[in-house]
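In: Could you look at this predicted model? Sequence included:
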Amino acid sequence: MSTPAYDDGDSILPSQFDDRCGSAGTSHDPERMLRLSILQDALDVYLGRADAVTTYGRRDFFEAAQWIWSDDEAWPFSYRRLCDVLGLNPEVLRAGIEKNRQSGMHPDHRNRGPVAAEVAP
């Protein structure tokens, strides 16, 4: 979940990514679905491993937490950028995520959790 280091040959500016993919699109738009999948995976890990006792589970939880609670906007796949492009309020989503974590309500993988409900057409 950490921001990868890119060399000059692999870098892409956030504006270039957003220009190519666009923030608008249908619900079947592949770029939109990728963004939703990234966000959903982070939420599943954060909520599903909040009580993890293994080293790997705790590491995954802390990496997801670091990504969700970061205010980084420079990386095209940062939490805040994904929320912005998807039209989600990052603070409202964070509040809902934290409420679910504290109540012990982990997402049901068959129901795909809060993101699917938040962005349903």
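Out: Cool, got the structure.
In: Every contact and neighbour count from this point should use C-alpha atoms.
Out: Noted.
In: Let me see the ranges of the helices in the chain.
Out: 14-21, 30-48, 55-69, 79-86, 90-103, 113-118 (DSSP state H).
In: Put together TSV for those, with mean pLDDT and mean neighbour count on each row.
Out: Shown next, in TSV, are the helices of the chain (pLDDT from 0 to 100; neighbours: other Cα atoms under 10 Å):
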stretch	mean pLDDT	mean neighbour count
helix 14-21	47	13
helix 30-48	93	19
helix 55-69	95	17
helix 79-86	94	19
helix 90-103	88	14
helix 113-118	44	15
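In: N100 and L88, how far apart?
Out: 17 Å (Cα to Cα, to the nearest Å).
In: residues touching A65, list them.
Out: Applying Cα atoms under 8 Å, 6 or more residues apart in numbering, we find A65 in contact with Y46.
In: Distance-wise, check it relative to L36.
Out: 17 Å.
In: next one: F61
Out: 19 Å.
In: likewise E98?
Out: E98 sits 19 Å away from L36, going by Cα to Cα.
In: One more: D84?
Out: Relative to L36, D84 is positioned 12 Å away (Cα to Cα).
In: same check, this time on E63
Out: 18 Å.
In: try Q102
Out: In terms of Cα to Cα, Q102 sits 23 Å off from L36.
In: and N89, how many neighbours?
Out: For N89, the neighbour count with other Cα atoms under 10 Å is 11.
In: I'd say it and C83 touch.
Out: Yes - here N89 reaches C83: they are 6.4 Å apart, a contact under Cα atoms under 8 Å.
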